[in-house]
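1. Structure here, sequence nowhere to be found:
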């Protein structure tokens, strides 16, 4: 096979690799609704939840009312204290129902670096 025949395949492969951004890594958090936690649901089904930061990990004896915490540590003061779930009505339903019922809930989320935690998974 000539060099010219390989060029299109190599160029296409390089373009595909360059255009794929690395996926954000999400981490599991546990939240306990209560005073200090609010949920806002938009007309299109997006949900934003504002919470207090848990100071210890959720695995160290639970999460106090109104707070969220990572499994292994509290949510740091430099991390956002709100989460957003967009474009997924199942996520919105799960989160809104949990906050209304006062039921502990589980999310996987990441810090987008712009003041929000982005929810990528809900439930156990």
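-> Everything's here; your move. All values derive from a computational prediction rather than experimental measurement. Numbering: from 1, shown residues only.
2. Only C-alpha atoms from now on, for both contacts and neighbour counts.
-> Fine.
3. Just the buried positions in stretch 72-85, please.
-> Neighbour-count burial for stretch 72-85, counted by 16 or more other CA atoms under 10 Å, picks out 74, 75, 80, 81, 82, 83, 84, 85.
4. typed the wrong thing, it's stretch 97-110
-> By neighbour count, with 16+ other CA under 10 Å as the criterion, the buried positions of stretch 97-110 are 98, 99, 104, 105, 106, 107, 108, 109, 110.
5. now swap in stretch 56-64 and tell me
-> Neighbour-count burial for stretch 56-64 flags 56, 57, 58, 62, 63, 64 (criterion: 16+ other CA under 10 Å).
6. Helices along the protein, start to end?
-> 3-19, 89-101 (DSSP state H).
7. Comparing the ones you listed by mean pLDDT, which bottoms out?
-> The minimum mean pLDDT among the helices of the chain belongs to helix 3-19 (a mean of 42).
8. mind listing the strands for the protein?
-> Along the chain, the segments classed as strands by DSSP state E run 27-32, 38-41, 47-50, 52-53, 67-70, 82-85, 105-111, 117-122.
9. about what we covered before: in terms of model confidence, name the weakest of the buried residues of stretch 56-64.
-> Of all those, residue 62 has the smallest pLDDT value, namely 85.
10. Let me see the contact set for that one.
-> Listed by CA atoms under 8 Å, 6 or more residues apart in numbering, the contact set of residue 62 is empty.
11. quick one, phi psi at it?
-> Here is the backbone geometry of residue 62 (degrees, to the nearest 10): phi 100, psi 180.
12. ok, now how distant is it from residue 30?
-> To residue 30, residue 62 is 8 Å away according to CA to CA, to the nearest Å.
13. can you list the weak-confidence ranges in this protein?
-> Scanning the chain for pLDDT under 70 picks out 1-22.
14. go with 80
-> 1-23, 60-61 (pLDDT under 80).
15. hey, what's the residue nearest to residue 124 when sequence neighbours are not counted bridged with?
-> Of all residues beyond its chain neighbours, the one nearest residue 124 is residue 106 (6.2 Å), with distances taken as CA to CA, 6 or more residues apart in numbering. The residues paired with residue 106 through beta bridges, assigned by DSSP bridges, are residue 30.
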